[in-house]
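Participant: Pasting the sequence and the predicted coordinates here, then a few questions.
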Amino acid sequence: MWSWKVLVFALVAASSFTPVHVLEVCTDHDCFSQDSTASGSQLSSNTFKSRWNINISKLMHDLDQFRVSCNKLLEAFPVDVIDGNFPRPVKNCIFSKSIPTPLKGPLRLAAASKEVIEGILDIDLALTQSDDFLHYASGGRLLPGSVPFAHRYGGHQFGYWAGQLGDGRAHSLGQYTNSAGDVWELQLKGSGKTPYSRSGDGRAVIRSSVREFLCSEAMHALGVPTSRAASLIVSDEPVTRDQFYNGDVKTERGAVVLRLAKSWFRIGSLEILSQSGETDLLRTLLTFVIDEHFSSINSDDPDKYLVFYSTVVNETAHLIARWMSVGFAHGVCNTDNFSLLSVTIDYGPFGFMESYDPNFVPNTSDDEGRYGIGAQADVGRFNLQKLLEALGPVLSQQQQSEAKNILKGYVDIYHKRIHQLFKAKLGLVGEQEVDGHLIAFLLKMMEDTRSDFTATFRQLSDISERQLHSRNFTQFWALEDLSSHKLFSDWLSMLQLRLVRQQNDSDLDRQHRMKNVNPRYVLRNWMAESAISKAEKNDFSQVALLHRVLSSPFVTQVAAEEAGYAARPPAWAKRLKVSCSS
Ligand code: AMP
Ligand code: MG
């Protein structure tokens, strides 16, 4: 028998997991919950209002009314003195003004997120069908108020300082203050060259854009902090890519995602200033970020940078714990892809782990497995160490040594969060000594039997205690795999004993709690891949289906079941590869 402490730390740290998301009641015609079958064939306006809190009376019915502002961002910092979208080293600024290159037509709207378009941008979804929208959301026409710009940042890539990176294929369009008073920064991704494009063409292809669109929205629905995606526009513009860096160059088609975040500043935004000795600008950017996005920090506090650091350490630990709780591997955890607001950004060769494996590496170009799923917590600490170094020039000696202590606390914050999240995934309430052991024991069995991560936890939620006890696994393929482990019965007895000790709890309550944290559907590569191959032929039906299904990942849905999204992945899924090339 293994020591449970060793397992908790080795396995839970290596694989960890996320928290509770408030379950929405899905009233789509093809959604049903286990407890009751929802009725109604169409979502009425009122349904949207209650479900997504969209205030219909505030929706804009004319795109000319939609205004963004660049004043705050462009006036807060010096702007690049050179104009033009040619690659160059850029110094002493935060942004370069840069006009998007219009995507060549014909343009097609491949997907739009009603939740973002109406719920965040206050725009009537019907307007996304207009030519105006196609042009605004693909870089062909500038939104009223927009003075587009690209952000200068650097970063550590695969462990090494990579120098200047910057938005090489993204343009910020400006900030939008919505009817709820929230400020969002809008960006186009795939919108052409900027001063930061280096050798790239500034474009993004359909496959990577579909993945970014779907995964941003899916992660949000899973309760994981993330940038959002408003729309996906595809074109016939040819873009050449060597997808697997093996000399097999193919012509693909260009696409643009309109994406949103409260801020796109990254660890690399600070690193470049620190590395090039631009300390005044470093201070200006830090003060701006704190004033705009860290409202609990007092701008007069002499320790404000330290408090900022401590907050980012805490939030990054929480974010990675959440990734782990849904089996998400980002794929490229470079410091330029780590947000200062600790939201998931820059979706590339990510993957949701299927068979449980702490060494799961989603990015086939990551030969050494630096960004494998089980390494993410450690990589988070590495990135926070780089953030600390970037803050060096504005911290006193005393503050630097306090910052080092704060970083030492990261592991503990992470473990506490993971422990909470996995307890919730197992339906455990309160704290008992056996809990860590129960989790680690389960993960070890999953690793040995290569059980599917998402399906195992979901099926433990869907199955009744009676079925579990009688080993009736006919409808539970992942549990069937798990139960082949020789210690399964021992573990089950421990779990049942633990659950019995929970006062004021019933089996139905346990199932209900677990179903709210264990998704039935995640964006598996094979699901994305078949939607992509259709989208490349201008059939966007499966993108729409996935978008709809993954907006309610905790709710069993007829269309999703028919598509096999909760079934054992098809054999061909094992051969799929994703790379950085996008
Ligand atoms: P990543 O970390 O993959 O997001 O990309 C690192 C840097 O490369 C960023 O500055 C990107 O904007 C840039 N980049 C990636 N692909 C392209 C492209 N096709 N054209 C121009 N720049 C790119
Ligand atoms: Mg990036």
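Facilitator: That came through, no problem. Just so we're clear, the structure is a prediction, and the values are computed from it rather than from any experiment. Ligands and ions are numbered 1, 2, ... in the order given.

Participant: roughly how far out does stretch 152-164 sit from the chain middle?
Facilitator: Counting by CA atoms, centre = their mean, to the nearest Å, stretch 152-164 is centred 21 Å from the centre of its parent chain.

Participant: what's next to it, contact-wise?
Facilitator: 80, 89-90, 93-96, 165-167, 196, 265-269, 271-272, 275, 334-337, 366, 370, 382-383, 386 (CB atoms under 8 Å, 6 or more residues apart in numbering). Placement of C-beta: from N, CA and C, glycine included.

Participant: next one: stretch 118-136
Facilitator: The contact list for stretch 118-136 (CB under 8 Å, 6+ apart) reads 48, 52-54, 56, 58-63, 66, 102, 107-109, 112, 114, 117, 137, 140-143, 176, 178-179, 182, 184, 228, 230-231, 233, 260.

Participant: 7 Å instead?
Facilitator: Stretch 118-136 is contacted from outside by 52-54, 58-61, 63, 66, 107, 109, 112, 114, 117, 141, 143, 176, 178-179, 184, 228, 230-231, 233, 260, using CB atoms under 7 Å, 6 or more residues apart in numbering.

Participant: now the closest residue to Leu63 other than its chain neighbours: how far from ligand 1?
Facilitator: Using CB to CB, 6 or more residues apart in numbering and skipping the chain neighbours, the partner closest in space to Leu63 is Asp132 (4.9 Å). To ligand 1, Asp132 is 27 Å away according to CB to the nearest ligand atom, to the nearest Å.

Participant: returning to what we had before: return the subset of the contacts of stretch 152-164 lying in helices.
Facilitator: Among the contacts of stretch 152-164, the members falling in helices (DSSP state H) are Ile267, Gly268, Ser269, Glu271, Ile272, Gln275, Phe382, Asn383, Lys386.

Participant: domain ranges for this structure?
Facilitator: Domain assignment for the chain, taken from automatic domain parsing, gives 10-23+431-515, 45-267, 274-418.

Participant: Which residues of the protein lie near ligand 2?
Facilitator: For the chain, the residues in contact with ligand 2 (CB under 5 Å from the ion) are Asn337, Asp346.

Participant: Whatever helix or strand Glu389 lives in near ligand 1 at all?
Facilitator: Per DSSP states H and E: Glu389 is located in helix 376-391. No - between helix 376-391 and ligand 1, judged by CB under 6 Å from any ligand atom, nothing touches; the nearest distance is 12.8 Å.

Participant: where does Leu438 fall, helix, sheet strand or coil?
Facilitator: Taken by DSSP: H, G, I helix; E, B strand; the rest coil, the conformation at Leu438 corresponds to helix.

Participant: count of residues packed around it?
Facilitator: Neighbourhood size, Leu438 [other CB atoms under 10 Å]: 21.

Participant: ok, now which ones touch it?
Facilitator: Here Leu438 is in contact with Leu426, Met494, Leu495, Arg498 (CB under 7 Å, 6+ apart).

Participant: what's Asp314 sitting at in phi/psi?
Facilitator: Wrong residue type there; residue 314 is Asn, not Asp. Here the main-chain torsion angles of Asn314 (degrees, to the nearest 10) amount to phi -60, psi -50.

Participant: mind checking pLDDT for it?
Facilitator: On pLDDT, Asn314 comes in at 98.

Participant: Please name the nearest non-neighbouring residue to the residue nearest the centre of the chain.
Facilitator: For the chain, the residue nearest the mean C-alpha position is Thr344 (4.0 Å; CA atoms, centre = their mean). The shortest distance from Thr344 to any non-neighbouring residue, by CB to CB, 6+ apart, is to Thr226 (4.2 Å).

Participant: neighbours around the one you found, how many?
Facilitator: 23.

Participant: Quick one: list the elements packing against the helix or strand containing Arg207.
Facilitator: Assigned by DSSP H and E, Arg207 falls within helix 206-222. The helices and strands touching helix 206-222, judged by 3 or more CB pairs under 7 Å, 6 or more residues apart in numbering; DSSP states H and E, are strand 228-242, strand 249-261, helix 525-535, helix 541-550.

Participant: what's the following helix or strand after the last one?
Facilitator: As assigned by DSSP H and E, the chain's next helix or strand after helix 541-550 is helix 558-562.

Participant: just how off-centre is that next one within its chain?
Facilitator: That offset, for helix 558-562, works out to 24 Å (CA atoms, centre = their mean).

Participant: can I have it written out in PDB, keeping just the CAs?
Facilitator: What follows is helix 558-562, C-alpha atoms only, in PDB (Å, rounded to 0.1, in the frame of the first residue of the first chain):
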ATOM      1  CA  VAL A 558     -30.100  14.900 -26.500                       C
ATOM      2  CA  ALA A 559     -28.100  16.300 -29.500                       C
ATOM      3  CA  ALA A 560     -24.800  15.800 -27.700                       C
ATOM      4  CA  GLU A 561     -25.700  12.300 -26.700                       C
ATOM      5  CA  GLU A 562     -26.700  11.500 -30.300                       C
END
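
Participant: Output the set of residues of this structure in proximity to ligand 1.
Facilitator: So the chain meets ligand 1 at 165-169, 196-197, 200-203, 332, 334, 336-337, 346, 348 (CB under 6 Å from any ligand atom).

Participant: Can you say which of the residues you listed are buried?
Facilitator: Buried members of the residues of the chain next to ligand 1, scored by 16 or more other CB atoms under 10 Å, are 165-169, 196-197, 201-203, 332, 334, 336-337, 346, 348.

Participant: Tell me the one among the residues you listed nearest to Asn538.
Facilitator: Nearest to Asn538, judged by CB to CB, of these is Arg203 at 18.2 Å.

Participant: Can you give me the distance of the closest one to Val239?
Facilitator: Separation of Arg203 from Val239 (CB to CB, to the nearest Å): 5 Å.

Participant: thought Ser216 was touching Pro225?
Facilitator: No - judged on CB atoms under 7 Å, Ser216 makes no contact with Pro225 at a distance of 11.0 Å.

Participant: residue in this structure nearest to ligand 2?
Facilitator: As assessed by CB to the ion, ligand 2 sits closest to Asp346 within the chain, at 3.7 Å.

Participant: Just give the closest residue to that residue, not the sequence neighbours.
Facilitator: Asn337 (4.3 Å).

Participant: returning to that earlier point: element containing the residue nearest to Leu63?
Facilitator: Here Asp132, judged by DSSP H and E, is contained in helix 131-136.

Participant: so how far is that helix off the chain centroid?
Facilitator: For helix 131-136 - counting by CA atoms, centre = their mean - the centre lies 27 Å from the chain centre.

Participant: Could you point out the helix or strand that follows that helix?
Facilitator: Downstream of helix 131-136 (by DSSP H and E), the next one is strand 149-151.

Participant: Give me the sheet partners of whichever helix or strand comes after that following strand and which way each runs.
Facilitator: Beyond strand 149-151 in the direction of the C-terminus, DSSP H and E gives the next helix or strand as strand 154-157. Using DSSP bridges, strand 154-157 pairs in its sheet with strand 160-164 (antiparallel).

Participant: So for the strand it pairs with, mean pLDDT?
Facilitator: 98.

Participant: Can you mark which positions in it are buried?
Facilitator: By neighbour count on 16+ other CB under 10 Å, the buried set for strand 160-164 is Ala162, Gln164.

Participant: ok, now stretch 517-536?
Facilitator: Those would be 517-532, 535-536, for stretch 517-536 by 16+ other CB under 10 Å.

Participant: try stretch 253-269
Facilitator: So stretch 253-269, judged by 16+ other CB under 10 Å, has buried residues 253-269.

Participant: what's the closest of the domains of the chain to Pro553?
Facilitator: domain 45-267 (5.4 Å).

Participant: so how far is that closest one off the chain centroid?
Facilitator: Relative to its parent chain, domain 45-267 has a centroid offset of 15 Å by CA atoms, centre = their mean.

Participant: Confirm Asp481 sits in a helix?
Facilitator: Yes - assigned with three-state DSSP, Asp481 falls within a helix.

Participant: where does this structure have low pLDDT?
Facilitator: 1-55 (pLDDT under 70).

Participant: how does it look with 90?
Facilitator: Applying pLDDT under 90 to the chain flags the ranges 1-58, 105, 198-199, 242-249, 469, 471-472, 474, 500-504, 572-582.

Participant: Having no further points to raise, I will conclude here.
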